[in-house]
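Engineer: Curious how this folds, go ahead:
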Amino acid sequence: MADRFPPDIDMETPSIARMYDYLLGGKDNFEADRKACEVLAAGTPELVSFANDNRAYLSRAVEYVAAQGVEQFLDLGAGLPTANNTHHAAQRANPRARVVYVDHDPIVLAHGRALINDSAETAFLLADIRETDRVLGAPETRRLIDTDLPVCVMLVSLLHCLPDQDDPFGMVHRLTERLAPGSCVIFSHIVSDDPASGAWMTDQILSFGTPWGRVRSPEEASAVFRGLELASPWTDGREDGGPRAVDCASWRHPDVPPRFRPEDPGVKLWELSGVAFKR
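Structural biologist: Numbers count the residues shown, from 1 in each chain. As a prediction, the model looks like this:
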């Protein structure tokens, strides 16, 4: 399998993109990634459903945003391509939708370009998402994204990968300040209301030698929405006074009412999610 990957790839250190690929049933991962996932699943049995719920949320959120008339998507920390990627969901709702995927992992770039090499409305950019000027100024971005028009910034399972010293929420705010009114963010972040559970997952991932940030509290993760207007998490858009940032498994799910956290009190980790617009 290794000959399908770019040269000089570290196969011994787990990669978040490859671990996520494994949890989703993909084949673009190594033994180190699979073992790391098994360690995490031993302490978090819901890990596989966790990943799949988040992927399903991405599709629902992208289709919703595209249906609101947003035609440009900047998918930061895109990860390895799998079924029902951002451009698939966006172009189902709006065939004119344009997508730029951004990731720093060369494996993601290689597989991503192969996936969309016949699509003029989609591009992959190898870049560090923290380098906002480079991301916005890259030829791939400038060809497809006009920042004078609304842009959807995808932050799905991303900011928990960045440590506090990288100021991930400040990075997002500086980026959205440069975008036109009507722009939005699609967001999810691993959170916990139990500090010990959050610290356990954080310590485990860092012990693999994998670059990562940390599990944050729901209150910390909600900082991403500052200055933005959260959309209703209900499929019919109702305003009922309930939470607007919710467990990703319940955001605009046709069969599950929105809920702030999983119903089972024994589940201590979930992905807080929301779609929020710049007005």
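Engineer: number of nearby residues for V62?
Structural biologist: 30 (other C-beta atoms under 10 Å). Every residue, glycine included, has its C-beta placed from N, CA and C.
Engineer: longest helix anywhere in this protein?
Structural biologist: Secondary structure assigned by DSSP state H gives helix 47-67 as the longest helix of the chain.
Engineer: who's in contact with the helix or strand that comes right after it?
Structural biologist: Next helix or strand after helix 47-67 toward the C-terminus (DSSP states H and E): strand 72-76. For strand 72-76, contacts defined as C-beta atoms under 8 Å, 6 or more residues apart in numbering pick out 62, 65, 86-87, 90, 97-102, 129, 135, 141, 144-146, 149-156, 158.
Engineer: circling back to that earlier point, and the longest helix of the chain, what does it pack onto?
Structural biologist: helix 16-23, helix 31-43, helix 86-93, strand 152-156, strand 184-192, strand 269-277 (3 or more C-beta pairs under 8 Å, 6 or more residues apart in numbering; DSSP states H and E).
Engineer: Enumerate the positions of that helix that are buried.
Structural biologist: By 16 or more other C-beta atoms under 10 Å, the buried positions in helix 47-67 come out as 47, 50-51, 53-55, 57-66.
Engineer: which among the contacts of strand 72-76 end up buried?
Structural biologist: Buried members of those, scored by 16+ other C-beta under 10 Å, are 62, 65, 86-87, 90, 97-102, 129, 135, 141, 144-145, 150-156, 158.
Engineer: show me where pLDDT drops low in the stretch 151-279 of the chain?
Structural biologist: Confidence mapping of the stretch 151-279 of the chain against pLDDT under 70 gives zero matching residues.
Engineer: For it, which segments count as helices?
Structural biologist: With helices called from DSSP state H, counting those that start in this stretch, the stretch 151-279 of the chain shows them at 168-177, 195-207, 218-221.
Engineer: Which one of those lies nearest to F277?
Structural biologist: Closest to F277 of the helices of the stretch 151-279 of the chain, according to C-beta to C-beta: helix 168-177, at 10.0 Å.
Engineer: unless I'm mixing things up, L158 is touching L58, no?
Structural biologist: No. With contact defined as C-beta atoms under 8 Å, L158 does not count as touching L58 (11.2 Å).
Engineer: Could you verify my assumption that M11 touches R34?
Structural biologist: No. Between M11 and R34 there is no contact under C-beta under 8 Å: 11.6 Å.
Engineer: For G213, list the residues it contacts.
Structural biologist: 159-164, 166, 168, 202.
Engineer: Kindly report the same for R130.
Structural biologist: Neighbour list for R130: 162, 166, 171 [criterion: C-beta under 8 Å, 6+ apart].
Engineer: Please tell me how far the closest residue in space to G237 that isn't next to it in sequence sits from L149.
Structural biologist: Leaving aside its chain neighbours, G237 sits nearest to A231 (7.7 Å; criterion: C-beta to C-beta, 6 or more residues apart in numbering). The spacing between A231 and L149, counted by C-beta to C-beta, to the nearest Å, is 19 Å.
Engineer: try P262
Structural biologist: 37 Å.
Engineer: just H88 next, same as before
Structural biologist: In this view, H88 and L149 are 22 Å apart by C-beta to C-beta.
Engineer: One more: N54?
Structural biologist: Separation of N54 from L149 (C-beta to C-beta) stands at 28 Å.
Engineer: same thing with A199?
Structural biologist: 42 Å.
Engineer: do S217 as well
Structural biologist: S217 sits at a distance of 35 Å from L149 (criterion: C-beta to C-beta).
Engineer: Figure out which of the helices of the stretch 151-279 of the chain is closest to L40.
Structural biologist: Of all those, helix 195-207 sits nearest to L40, with 5.9 Å by C-beta to C-beta.
Engineer: Restricting to C-alpha, output the closest one in PDB.
Structural biologist: What follows is helix 195-207, C-alpha atoms only, in PDB (Å, rounded to 0.1, in the frame of the first residue of the first chain):
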ATOM      1  CA  PRO A 195     -12.300  17.900  32.300                       C
ATOM      2  CA  ALA A 196     -10.900  14.400  33.000                       C
ATOM      3  CA  SER A 197     -12.400  12.900  29.800                       C
ATOM      4  CA  GLY A 198     -11.100  15.800  27.700                       C
ATOM      5  CA  ALA A 199      -7.700  15.600  29.200                       C
ATOM      6  CA  TRP A 200      -7.500  11.800  28.600                       C
ATOM      7  CA  MET A 201      -8.200  12.100  24.900                       C
ATOM      8  CA  THR A 202      -5.800  15.000  24.500                       C
ATOM      9  CA  ASP A 203      -3.000  13.200  26.400                       C
ATOM     10  CA  GLN A 204      -3.500  10.000  24.400                       C
ATOM     11  CA  ILE A 205      -3.300  11.800  21.000                       C
ATOM     12  CA  LEU A 206      -0.300  13.800  22.000                       C
ATOM     13  CA  SER A 207       1.400  10.600  23.300                       C
END
